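Colleague: Could you work out the structure for the sequence below:
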Amino acid sequence: FSDPSTMEDPRRGAGAFVIHLLGYLFGTRLQFWDWWFDGRVPDRLQATHNIHFTEATVQDFLSHSYKIWRACAEEERRLLTNALYMHCRAPSYEWDWERFTIEYMVLDGCWKLAKLRHGVKDEGHAKRIDNLCRKFGIPSDGNLVEEIVRLRNGLFHEALWDGSQPCMGASGTTFLQSYNLRRLNQRLIPVLLEYATPYIGTCWWSIGTFAFDSPSRHVNQ
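Modeller: Sure thing, here's the model as predicted:
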């Protein structure tokens, strides 16, 4: 890092972006050495990101993503860094509705970036996932999208989780939606960093492990 703002306060600039980007890639939560722990941290041996990659890809992804971040406007940099931070933090929350809430916040941040940088249409929350998937070639499942939007509306507007009180438990299908939403966000992040990888085109409702390695570094606009 050579720009003056980064050297003066790396924890609020490029340093923060790279730390949280590493947390995303390796499926863990990272923070600077003298920060207090304010919640659980996922076990480093139990990554929350089901991908595999080579060391060369790690280097390539970091270098490429940093160049994209440097080229962004200040608001876009902040959106990218905060989306990564909250995405890495989400597994620390105890309840499914809490994890769902945080991952939906990340989704909204990704959508805002996609709107600013790629012209994704603003047609309301019901259309956001469909528009993002269609724009960037991410697979979609209409029933899952409808369920995620239904849960979001009930939780955000009426404090209801699947029609009931949060922390009272929910159906197995409802419990899975925070994980589906997380896996969708995991595919949106490389899209917004314009890093082309076949991983983007894989099903986010699958719990399988996917390759993240990429032969190219350019996303179709």
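Colleague: Now do the buried residues in stretch 48-59.
Modeller: Buried positions in stretch 48-59, judged by neighbour count with 16 or more other C-beta atoms under 10 Å: T48, H49, I51, F53, T57. (Glycine included, C-beta is placed from N, CA and C.)
Colleague: Between all of these, which two are separated the most?
Modeller: T48 and T57 (18.6 Å; C-beta to C-beta).
Colleague: secondary structure class for the closest residue to H20 other than its chain neighbours?
Modeller: Nearest residue to H20, sequence neighbours excluded (C-beta to C-beta, 6 or more residues apart in numbering): L84, at 3.7 Å. Put simply, L84 is helix when judged by DSSP: H, G, I helix; E, B strand; the rest coil.
Colleague: What confidence value was assigned to L84?
Modeller: Predicted confidence (pLDDT) for L84: 97.
Colleague: quick one, what contacts it?
Modeller: F17, H20, L21, G23, Y24, I189 (C-beta atoms under 8 Å, 6 or more residues apart in numbering).
Colleague: From A126, how far out is the third one?
Modeller: Look at L21 and A126: by C-beta to C-beta, to the nearest Å, they are 30 Å apart.
Colleague: More neighbours: which of the two?
Modeller: L21 (22 against 13; other C-beta atoms under 10 Å).
Colleague: ok, now which ones touch the more buried one?
Modeller: Counted by C-beta under 8 Å, 6+ apart, L21 has contacts F61, L62, S65, L84.
Colleague: how many neighbours does the closest residue to L181 other than its chain neighbours have?
Modeller: Nearest residue to L181, sequence neighbours excluded (C-beta to C-beta, 6+ apart): E103, at 4.2 Å. By other C-beta under 10 Å, 26 other residues sit near E103.
Colleague: Just the element for E103, please.
Modeller: Per DSSP states H and E, E103 falls inside helix 96-118.
Colleague: so what does that helix touch, helix or strand wise?
Modeller: helix 74-89, helix 125-136, helix 142-158, helix 172-192 (3 or more C-beta pairs under 8 Å, 6 or more residues apart in numbering; DSSP states H and E).
Colleague: Figure out how far the second one is from the centre of its chain.
Modeller: Here helix 125-136 shows a centroid-to-chain-centroid distance of 15 Å under the convention C-alpha atoms, centre = their mean, to the nearest Å.
Colleague: What angle do helix 142-158 and it make with each other?
Modeller: 140 degrees (axes from the mean of the first three to the mean of the last three C-alpha atoms, to 10 degrees).
Colleague: tell me which residues of helix 125-136 are tucked away?
Modeller: R128, I129, D130, N131, L132, C133, K135, F136.
Colleague: pLDDT score assigned to the first one?
Modeller: Yep, that's R128 we're talking about. As predicted, R128 sits at a pLDDT of 94.
Colleague: which residues does it contact?
Modeller: Neighbouring residues of R128 by C-beta under 8 Å, 6+ apart: L107, D108, W111.
Colleague: how close does it sit to W97?
Modeller: Distance of R128 to W97, computed by C-beta to C-beta: 19 Å.
Colleague: Read off the pLDDT value for the residue positioned nearest the centre of the chain.
Modeller: Among the residues of the chain, the one closest to the centroid is N185, at 3.6 Å (C-alpha atoms, centre = their mean). Listed pLDDT for N185 reads 98.
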